[in-house]
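A.B. asks: A structural model of the following input is requested.
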Amino acid sequence: MSRLMETLSSGCQKYDRYVGWQGGGQDCEVFWDSDLGLWSSFQTKRRENRYVLFFGTEDPNLKKSLSISCEINPPKSGINLRCAGSLLMDENGNVFLAHNGKVGGGRKGIGKSAFIVAHPNENWRPVDLPGGRHTELLVIGRIDKPEFKRQIAYFVRRVDAFKSREIKTQPVIEEPAFTPEFAGVRRAYSVGTIEAQCNHGPVTSALKEELEAQNLRCTNDRFRDLYTLSDQGRITALFEVKTDCTPYSIYTAIGQLLIHTIDIEPKPKRFIVLPEEVSSGARSMLQKLEIRVVTYSWHKNEVTFKGLSDRLG
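C.D. replies: Reported below is the predicted structural model:
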């Protein structure tokens, strides 16, 4: 837990603020990251059997009383699936923070089941537990990595958006909607062999924002990372985001792009989005398949894309 607290408080401004929740509140020490628009607070003694982490998005420079967006409470020892949070360790001692989707909102339609249904594309991973038991958790990120704060901020904002959504009591037919995700390597893992690529969702959401800034309609579904639509609802471009440049990831992206455009005429533009440039040989192969390459990088918690604007035209 000390490692997690160190990561979250690094580079932050510290404030004493009143933190409120449904039915109560208390004075807390909060750590504000202005770049991410995220504050965190660590309540190590509030519960005997679990740690309590508060997160929110209100600026403590502007408010003396803060509201919690999300609470994550991993057990202090052992396994306790009644806790919303979990700390998972692999065989190398790397620790990951995960969440079971239990989100409180104090009103009808806000809860664990609704959150899971509303976010099927997030980074849900099967986890093997001792004694042959199994569960599924949303893996947020590895707690000692520099990008972890960005990943937790992304998760907290997804919770914020879910809790503030309009609850519809009658079925409504709508056009496809964008669903932010944490998707990465699609494979099962045990507590001892965690393999998660949690940057996928933040990069995909940043790409959506970049495309919308160019006045393009964007959405996704369970099988496609992101695609753009014409005014008539026709798919005009399809994007597959990968968090590494291994042959496996590139071949998978090629298959996804080709399969999901095989029956579409005229053919949409096809993009593979990667964290670095590919070799000249790989780029030549992709060009023959009419697949364009876009690369991305991180700068002060912001994603920037290279080769996007000139290839959409």
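
A.B. asks: now residue 33: closest residue in space that isn't a chain neighbour?
C.D. replies: In space, and not counting its chain neighbours, residue 33 is closest to residue 12: 5.0 Å by CB to CB, 6 or more residues apart in numbering. To be clear about C-beta, it is placed using only N, CA and C from the backbone, and glycine gets the same treatment.

A.B. asks: and residue 143, what does it touch?
C.D. replies: 3-4, 7, 87, 95-97 (CB atoms under 8 Å, 6 or more residues apart in numbering).

A.B. asks: before we move on, the earlier item: how many neighbours does the residue nearest to residue 33 have?
C.D. replies: When neighbours are defined as other CB atoms under 10 Å, residue 12 has 18 of them.

A.B. asks: please tell me how far it sits from residue 219.
C.D. replies: Distance, residue 12 to residue 219, using CB to CB, to the nearest Å: 35 Å.

A.B. asks: thinking again about what came up before, and the contacts of residue 143, which of them are in strands?
C.D. replies: 87, 95-97 (DSSP state E).

A.B. asks: quick one: the strands in the stretch 51-200 of the chain?
C.D. replies: Listed in chain order, the strands found in the stretch 51-200 of the chain under DSSP state E, counting those that start in this stretch are 52-56, 65-67, 70-72, 85-89, 95-99, 124-128, 134-142, 189-190.

A.B. asks: and these as TSV, adding mean neighbour count and distance to residue 26?
C.D. replies: TSV is the format used below for the strands of the stretch 51-200 of the chain (neighbours: other CB atoms under 10 Å; distance: least, CB to CB, whole Å):
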stretch	mean neighbour count	distance to residue 26
strand 52-56	22	10
strand 65-67	16	11
strand 70-72	23	13
strand 85-89	20	19
strand 95-99	23	23
strand 124-128	18	33
strand 134-142	19	25
strand 189-190	16	37
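
A.B. asks: any chance of TSV for these, columns distance to residue 19 and mean pLDDT?
C.D. replies: Shown next, in TSV, are those (distance: least, CB to CB, whole Å; pLDDT from 0 to 100):
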stretch	distance to residue 19	mean pLDDT
strand 52-56	6	91
strand 65-67	5	93
strand 70-72	10	88
strand 85-89	17	83
strand 95-99	19	88
strand 124-128	29	75
strand 134-142	21	84
strand 189-190	34	40
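
A.B. asks: for residue 266, find the nearest of those strands.
C.D. replies: The closest of the strands of the stretch 51-200 of the chain to residue 266 is strand 124-128. By CB to CB, the value is 35.2 Å.

A.B. asks: ok, and the helix or strand in the chain with the lowest average confidence?
C.D. replies: Within the chain, no helix or strand scores below strand 189-190, which has a mean of 40 by mean pLDDT, DSSP states H and E.

A.B. asks: and after that strand, which helix or strand comes next?
C.D. replies: Elements were assigned by DSSP states H and E; along the chain past strand 189-190, the next helix or strand is helix 200-212.

A.B. asks: now for the closest residue to residue 116 other than its chain neighbours: which residues touch it?
C.D. replies: In space, and not counting its chain neighbours, residue 116 is closest to residue 101: 4.8 Å by CB to CB, 6+ apart. Contacts here follow CB under 8 Å, 6+ apart; on that basis residue 101 touches 84, 112, 115-116, 119, 138.
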